[in-house]
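Engineer: quick check, what structure comes out for this input:
(chains A and B)
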Number of protein chains: 2
Amino acid sequence: MADSPTDKPKRKPEILARRSVARSRLFHVEEIDLRFSNGVETCYERLVGSGRGAVIIVPMQADGSVLLIREYAAGTDRYELGLPKGLVEQEEDLLAAANREIMEEIGFGANRLEILGALTVAPGYMSHTTHVILAQDLYAKRVPGDEPETIEVVPWPLQNLTKLLLCEDCTEARSIAALFMAREKLMG
Amino acid sequence: MADSPTDKPKRKPEILARRSVARSRLFHVEEIDLRFSNGVETCYERLVGSGRGAVIIVPMQADGSVLLIREYAAGTDRYELGLPKGLVEQEEDLLAAANREIMEEIGFGANRLEILGALTVAPGYMSHTTHVILAQDLYAKRVPGDEPETIEVVPWPLQNLTKLLLCEDCTEARSIAALFMAREKLMG
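Structural biologist: Presented below is the predicted three-dimensional model:
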């Protein structure tokens, strides 16, 4: 662990039992019994993930604009403006997954790909991790994805990030965090 | 919708059918059949939320440090460093919820509370919305919460946000996005 101010070791709760309590095609809910180091016992539910993780990509054009997408989101039942992202496939490394996703979703590949960090979505009840990938030196290349309709691509000047946050359809925490991380990296 | 560059109206997919497919104490999974405006039909799963939403709070001390917490997260099975947050209770407004959460989790209330924005977690399959609340002019006050162990409070200078991102236990997208939003508001 790097540089946390209070790095005394903290003893994790002990997982006493795990039970599968609900399962669908995509989701698997388990219940876990925990005993904290102070002796308190409790029971939590959490979603069991595939473990492969995901990538979210910040595709930068030479003019300093980032290529966002506007895509239908079934959870909120509306179109969301955010960064391209997707699950990492089996046997695929993170940078290859990132390059595949931008070819599918925005019609570009990237000659320069680098990992900026990793984000969790809801660590209290999901293990899911999304790796943030900065993509630069783009070239036009489209590969077919599994999207049900053409995805709208929206170039946005990264220096106008504050204004983007005023858009009602740009709300996804991972996109916003990743855009700030990229701005920090590129513009200091 | 404010200021999106391409504001042509987009016709949402039609929801043809909804079926409940799995349910536990906390989670409810439904399957929806969709028809996109181009005629393509597809079937998605999504988590049905309570609709009440959550708050995540950026509690600022007068010296420019933010009060983070380090708390066990069952989804990732480790301690996570991030902002205090919690669900809004019935009949509770967002600012009252924020003030209650910081009294429970860090032992402070705030005389100044303001909403900075709203974040979604995974809009593709969750409706859940978390409101970002900036809390200033803090005063010591603790109210009992339902935490199983004492929460460690970690002050962190907001101007050292970039360094915080290097901590392996600070990964939650909502915390990171909210911290950048607060820095943008306070430091421009």
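
Engineer: how about the contacts made by the spatially closest residue to residue A:73 that is not a sequence neighbour?
Structural biologist: In space, residue A:73 comes closest to residue B:123 once its chain neighbours are excluded; the distance is 3.6 Å by Cβ to Cβ, 6 or more residues apart in numbering or on different chains. Just so you know, the C-beta spots here come from the backbone N, C-alpha and C atoms, and that holds for glycine as well. Residue B:123 makes contact with A:73, A:75-76, A:78, A:80, A:171-172, according to Cβ atoms under 8 Å, 6 or more residues apart in numbering or on different chains.

Engineer: which one of these is nearest residue A:50?
Structural biologist: Proximity of these to residue A:50 (Cβ to Cβ) peaks at residue A:75, which lies at 18.0 Å.

Engineer: now stretch A:120-130: average pLDDT?
Structural biologist: Per-residue confidence for stretch A:120-130 averages out to 95 on the pLDDT scale.

Engineer: centre of the chain to it, how far?
Structural biologist: Remark: stretch A:120-130 is offset 10 Å from the chain centroid, using Cα atoms, centre = their mean, to the nearest Å.

Engineer: turn the contacts of residue B:123 into a markdown table, columns for neighbour count, pLDDT and secondary structure.
Structural biologist: Formatted as a markdown table, those follow (neighbours: other Cβ atoms under 10 Å in any protein chain shown; pLDDT from 0 to 100; DSSP: H, G, I helix; E, B strand; the rest coil):
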| residue | neighbour count | pLDDT | secondary structure |
| --- | --- | --- | --- |
| A:73 | 23 | 97 | strand |
| A:75 | 21 | 96 | coil |
| A:76 | 22 | 95 | coil |
| A:78 | 16 | 95 | strand |
| A:80 | 20 | 97 | strand |
| A:171 | 24 | 97 | coil |
| A:172 | 27 | 98 | strand |
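
Engineer: and those residues as JSON lines, adding distance to residue A:129?
Structural biologist: Output for the contacts of residue B:123, formatted as JSON lines (distance: Cβ to Cβ, whole Å):
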{"residue": "A:73", "distance to residue A:129": "20"}
{"residue": "A:75", "distance to residue A:129": "19"}
{"residue": "A:76", "distance to residue A:129": "22"}
{"residue": "A:78", "distance to residue A:129": "26"}
{"residue": "A:80", "distance to residue A:129": "20"}
{"residue": "A:171", "distance to residue A:129": "20"}
{"residue": "A:172", "distance to residue A:129": "16"}
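
Engineer: please report phi then psi for the residue nearest in space to the middle of chain A.
Structural biologist: Computing the C-alpha centroid of chain A and ranking residues by Cα atoms, centre = their mean puts residue A:130 first, at 3.6 Å. Residue A:130 adopts backbone torsions of phi -120, psi 120, taken as degrees, to the nearest 10.

Engineer: most remote residue from chain A's center?
Structural biologist: Distance from the C-alpha centroid of chain A, by Cα atoms, centre = their mean, peaks at residue A:39 (35.1 Å).

Engineer: got the phi/psi numbers for that residue?
Structural biologist: Dihedral pair for residue A:39: phi 100, psi -10, per degrees, to the nearest 10.

Engineer: residues contacting it?
Structural biologist: By Cβ under 8 Å, 6+ apart, residue A:39 has no neighbours at all.

Engineer: ok, which stretches of chain A are strands?
Structural biologist: Here chain A has its strands, by DSSP state E, at A:14-23, A:28-35, A:41-47, A:54-59, A:65-73, A:78-82, A:85-87, A:108-120, A:129-140, A:152-157.

Engineer: pull up the pairing partners for the shortest one, direction included.
Structural biologist: Strands adjacent to strand A:85-87 in the sheet, as given by DSSP bridges, are strand A:54-59 (antiparallel).

Engineer: so the strand it pairs with versus strand A:108-120, what angle?
Structural biologist: 130 degrees (axes from the mean of the first three to the mean of the last three Cα atoms, to 10 degrees).

Engineer: okay, the angle between strand A:54-59 and strand A:152-157?
Structural biologist: With the same axes, to 10 degrees defining the directions, strand A:54-59 sits at 60 degrees from strand A:152-157.

Engineer: name the residues that touch strand A:54-59?
Structural biologist: Judged by Cβ under 8 Å, 6+ apart, the contacts made with strand A:54-59 from elsewhere in the structure are A:66-67, A:83-88, A:94, A:97-98, A:101-102, A:106, A:108, A:110, A:116, A:119, A:128-135, A:138, A:174-175, A:178-179, A:181-182.

Engineer: I figured residue A:23 hits residue A:29, correct?
Structural biologist: Yes. Contact status for residue A:23 versus residue A:29: in contact at 7.2 Å, counting by Cβ atoms under 8 Å.

Engineer: who's more crowded, those two?
Structural biologist: Each of residue A:23 and residue A:29 had its neighbours counted (other Cβ atoms under 10 Å in any protein chain shown), and the higher figure belongs to residue A:29 (24 against 15).

Engineer: against residue B:24, how distant is the more buried one?
Structural biologist: With the distance defined as Cβ to Cβ, to the nearest Å, residue A:29 ends up 4 Å from residue B:24.
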